[in-house]
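> Got a predicted structure here, sequence first:
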Amino acid sequence: MNGVHDVGGMQDFGPIRPEANEPVFHAPWEGRVLAMNLAIAAWGKIFADNRRYVRELIPAAEQLAMSYYQKWYAGLIMNIVEASMVTRAEVESGMPERGSPKLTPPLSAARVPAFWSNGSPKNRNVPATARFRVGQRVRARNINPLTHTRLPRYARDKFGIVESARGVFVFPDSNAQGLGEKPQHLYSVCFMARELWGDQGGAKDTVYIDMWDDYLEPA
Amino acid sequence: MAENENQPLDRRGFLKTAAASTAAATAPTTAQSKDDDHDHDHQNVPSDQALRVKALESLLVEKGLVDRPALDALVDTFEHKIGPRNGARVVAKAWSDPAYKQRLLTNANKAIAELGYTGQQGEHMVVVENSPTVHHMVVCTLCSCYPWPTLGLPPVWYKSAGYRSRVVIDPRSVLKEFGVEIPDNVEVRVWDSTAEIRYLVLPERPAGTESMSEEALAAIVTRDSMIGTGKVLPPVQGATP
């Protein structure tokens, strides 16, 4: 969706403010929120695509006003309610509903090291036809779905060159909606800064964007 | 058919309703926390946010969905097991061992795994090498994608709209803000992490460091140099404020 999360090329957000000796978390609750998101992910029902999608659906004004981990907190609630892991009433009361089933076992501390180091790979070893080849000139499609996409607005309708083929990956646009992984080829596509930004782009400068087959058309 | 076509938007409608009520419950009382003496936007959190998170954690524990010691272990991983020191060791090894550097540039996953830095948000690594003709920078314009095992969790500025919006349209002004000047004849190449590929910049090894050990080299490699918003300075210059 064309939401306020898709900021590439927007202007006047102000200076970048690096913080000296920045702590990993600025308050303990931030770490708990991130840890809960991952521990819940270990159930295998909610994926990064789902997490990103629900955060994008937070109303624009609130999304801009909320801190990073506030968005992760709000997103976690949306994800677990949608996945029927908790009900909204339970979130509001803070108490499990009478007779609600207790799911077990959750991710245990003993399983954390393996859960961590295994990661959550998104490549898939399934046959898929590559629609493009390295070196080919392509155009990013001009799509404007109301739902999740990883095709940033600033690249749509722009011409680029396929720089490398990354393999077959889960397609977030369908996966985020629970419509299946629809694995397809992923490419790194090179766009000249001038193609994206006109004369304001650096003459030699480029932006490389990872794009799935469904984002591209031959040009 | 029509039913299938409507399904995505029905789901979206459900989520949108959930989003509105969740945001309303999260956002309205934006008060500065008592000990907040910064003006950083991430500090603008409702003072009762910590209580809300605690309540949610208790609920999820009660429901058997999360286990407190596992959460502790995850927080410990974020705070102590991952971070830019890991990435610095990868860079120092690449500078010291040409065969390793070759492996790193051709199969970053395997080469980084040799040092043990695998894990969440590092499943699909690509390393891009700075040179006298190309300067690489990494961003995620759509969210906050970042190579956790090698760099740790991203700093607030990396996640900020200011950096994410500007680095693709005006990377050189961003670099200037970080004190880095790149000559016009050098290509600035920005990698927008829109998929699950995570990028790590292999910075240029500074002149005058030929006799330094791998350990000493790792100590001068900065986080920003591996994002592409910094350069690695030789130790003498690095010591000056």
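Looks like it arrived, so ask away.
> tell me, which strand in chain A spans the most residues?
strand A:159-169 (DSSP state E).
> The following helix or strand past that strand packs against which elements?
Using DSSP states H and E, the helix or strand that follows strand A:159-169 towards the C-terminus is helix A:172-175. When contacts are defined as 3 or more Cβ pairs under 8 Å, 6 or more residues apart in numbering or on different chains; DSSP states H and E, helix A:172-175 sits against helix A:48-56. (Each C-beta comes from the backbone N, C-alpha and C, glycine too.)
> hmm, the helix it packs on touching chain B?
Yes. Remark: helix A:48-56 sits within contact range of chain B at A:A48, A:R52, A:Y53, A:V54, A:R55, by Cβ under 8 Å from any Cβ of the partner chain.
> again, but for stretch A:212-219
Yes. For stretch A:212-219 and chain B, the contact criterion (Cβ under 8 Å from any Cβ) is met by A:W212.
> what pLDDT, on average, does that stretch get?
Stretch A:212-219 comes out with an average pLDDT of 98.
> Would you mark the buried spots in that stretch?
Going by neighbour count (16 or more other Cβ atoms under 10 Å in any protein chain shown), the buried part of stretch A:212-219 is A:W212, A:D213, A:D214, A:Y215, A:L216.
> and if you look at stretch B:173-191?
Within stretch B:173-191, the residues that qualify as buried are B:V174, B:L175, B:E177, B:F178, B:V180, B:I182, B:V186, B:E187, B:V188, B:R189, B:V190, B:W191, counting by 16+ other Cβ under 10 Å.
> what's the closest non-adjacent residue to the most centrally placed residue in chain A?
In chain A, the C-alpha nearest the mean C-alpha coordinate belongs to A:R52, at 4.3 Å (Cα atoms, centre = their mean). In this structure, A:R52 finds its nearest non-sequential neighbour in B:C143, 5.5 Å apart by Cβ to Cβ, 6 or more residues apart in numbering or on different chains.
> Now tell me which helix or strand of chain B has the poorest mean pLDDT.
Ranked by mean pLDDT, DSSP states H and E, the weakest helix or strand in chain B is helix B:235-239, scoring a mean of 61.
> Let me know the pLDDT of residue 88.
I'll assume chain A. pLDDT at A:R88 comes out at 94.
> my bad, chain B
For B:A88, the model assigns a pLDDT of 98.
> Identify the residues contacting the helix or strand hosting it?
Using DSSP H and E, the element containing B:A88 is helix B:84-96. For helix B:84-96, the surrounding residues in contact (Cβ atoms under 8 Å, 6 or more residues apart in numbering or on different chains) are B:100-101, B:104, B:111-112, B:115, B:117, B:127, B:147, B:149-152, B:200, B:202-203, B:205, B:209, B:213-215, B:217-219, B:221-223, B:225-226.
> now for the helix or strand just after that helix, which elements pack on it?
Per DSSP H and E, helix B:84-96 leads on to helix B:98-106 as the next helix or strand towards the C-terminus. Contact here means 3+ Cβ pairs under 8 Å, 6+ apart; on that basis helix B:98-106 packs against helix B:84-96, helix B:108-114, strand B:125-129, strand B:198-202.
> hang on, isn't A:F191 packed against A:M211?
No. With contacts counted by Cβ atoms under 8 Å, A:F191 stays clear of A:M211, the gap being 10.0 Å.
> can you give me the offset of stretch B:193-207 from its chain's centre?
Relative to the chain's own centre, stretch B:193-207 is displaced by 11 Å; criterion: Cα atoms, centre = their mean, to the nearest Å.
> Between its first and last residues, how far does it reach?
31 Å (Cα to Cα, to the nearest Å).
> Return the distance of the helix holding B:A88 from the chain's centre.
Per Cα atoms, centre = their mean, the displacement of helix B:84-96 from the mean C-alpha position of its chain is 16 Å.
> the inter-axis angle of that helix versus strand B:125-129?
50 degrees (axes from the mean of the first three to the mean of the last three Cα atoms, to 10 degrees).
> Helix B:84-96: which residues count as buried?
So, applying 16+ other Cβ under 10 Å, buried residues of helix B:84-96: B:P84, B:N86, B:G87, B:A88, B:R89, B:V90, B:V91, B:A92, B:K93, B:A94, B:W95, B:S96.
> Pick out whichever of those residues sits closest to chain A.
Among the buried residues of helix B:84-96, B:P84 lies closest to chain A (Cβ to the nearest Cβ), at 11.2 Å.
> Identify the contacts common to A:F191 and A:M211.
Both A:F191 and A:M211 are contacted by A:A155, under the criterion Cβ under 8 Å, 6+ apart.
> and the residue nearest to A:R52, what is it in contact with?
A:H5, A:R52, A:R55.
> burial measure for the last one, as a count.
To tie it back to what came earlier, the one meant is A:R55. A:R55: 23 surrounding residues under other Cβ atoms under 10 Å in any protein chain shown.
> just B:V53 next, same as before
If you count neighbours by other Cβ under 10 Å, B:V53 ends up with 22.
> Report the secondary structure element holding it.
Per DSSP H and E: B:V53 is located in helix B:49-62.
> Let me see the mean pLDDT of that helix.
Throughout helix B:49-62, pLDDT has a mean value of 96.
> Contacts (any at all) between chain A and it?
Yes. For helix B:49-62, a contact with chain A is found by Cβ under 8 Å from any Cβ, at B:Q49, B:A50, B:R52, B:V53, B:K54, B:A55, B:L56, B:E57, B:S58, B:L59, B:L60, B:E62.
> does the fifth one really touch A:P28, like I thought?
No. B:K54 is not in contact with A:P28 according to Cβ under 8 Å; the separation is 9.5 Å.
> between these two, who's got more neighbours?
A side-by-side neighbour count of B:K54 and A:P28, using other Cβ under 10 Å, places B:K54 first with 15 against 12.
> how close does the more buried one sit to A:N144?
40 Å (Cβ to Cβ, to the nearest Å).
> For the helix or strand containing B:Y158, which outside residues touch it?
Using DSSP H and E, B:Y158 maps to helix B:156-159. Residues from elsewhere that reach helix B:156-159 (Cβ under 8 Å, 6+ apart): A:16-19, A:22, A:26, A:68, B:40-42, B:139, B:144, B:146, B:163, B:227.
> hmm, try it at 7 Å
A:I16, A:R17, A:P18, A:E19, A:E22, A:Y68, B:H40, B:H42, B:S144, B:Y146, B:Y163, B:I227 (Cβ atoms under 7 Å, 6 or more residues apart in numbering or on different chains).
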